[in-house]
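Engineer: Quick one, fold the following:
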Amino acid sequence: MPYYIIERNYLNEVVTPVENAPNVNLINDEEDVRWLFSFLSVDRRKTYCLYEAPSMEAIRVAAMRAGLPADVITEVTGRVMPDGVLVPVG
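Structural biologist: Presented below is the predicted three-dimensional model:
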């Protein structure tokens, strides 16, 4: 299944721990998408999330249902490691 990076921009700071995570994961399960992890910006108003999903549309639907932004969705196929080697995501 393809992997995607999702950039999410928020008006307010993201509160951690994310109390809504169980609900987000339930919606994701229903839409056949899997949230792997997220990075949080220093100002706590932006996240970069790695997802596994059948399509960008599935991510958009899950985000809309969960009330989350999905400002930029980019499919990714590999990781460039510090030694310069390209390895598959996943």
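Engineer: Tell me the spacing between Val61 and Leu68.
Structural biologist: To Leu68, Val61 is 11 Å away according to C-beta to C-beta, to the nearest Å. C-beta: built from backbone N, CA, C; applies to glycine.
Engineer: same question, Asp43
Structural biologist: For Asp43, the distance to Leu68 equals 18 Å [C-beta to C-beta].
Engineer: out of these two, which sits in the more crowded spot?
Structural biologist: Ranked by neighbour count (other C-beta atoms under 10 Å), Asp43 and Leu68 place Leu68 first, with 17 against 9.
Engineer: which residues touch the closest residue to the more buried one other than its chain neighbours?
Structural biologist: Once flanking residues are discounted, Leu68 sits nearest to Arg8: 6.2 Å by C-beta to C-beta, 6 or more residues apart in numbering. Shown in contact with Arg8 (C-beta atoms under 8 Å, 6 or more residues apart in numbering): Lys46, Thr47, Tyr48, Cys49, Ala63, Leu68, Pro69, Ala70, Asp71.
Engineer: Name the residues of the helix or strand containing Arg8 that are buried.
Structural biologist: Using DSSP states H and E, Arg8 sits within strand 3-9. Using 16 or more other C-beta atoms under 10 Å as the test for burial, strand 3-9 gives Tyr3, Tyr4, Ile6, Arg8.
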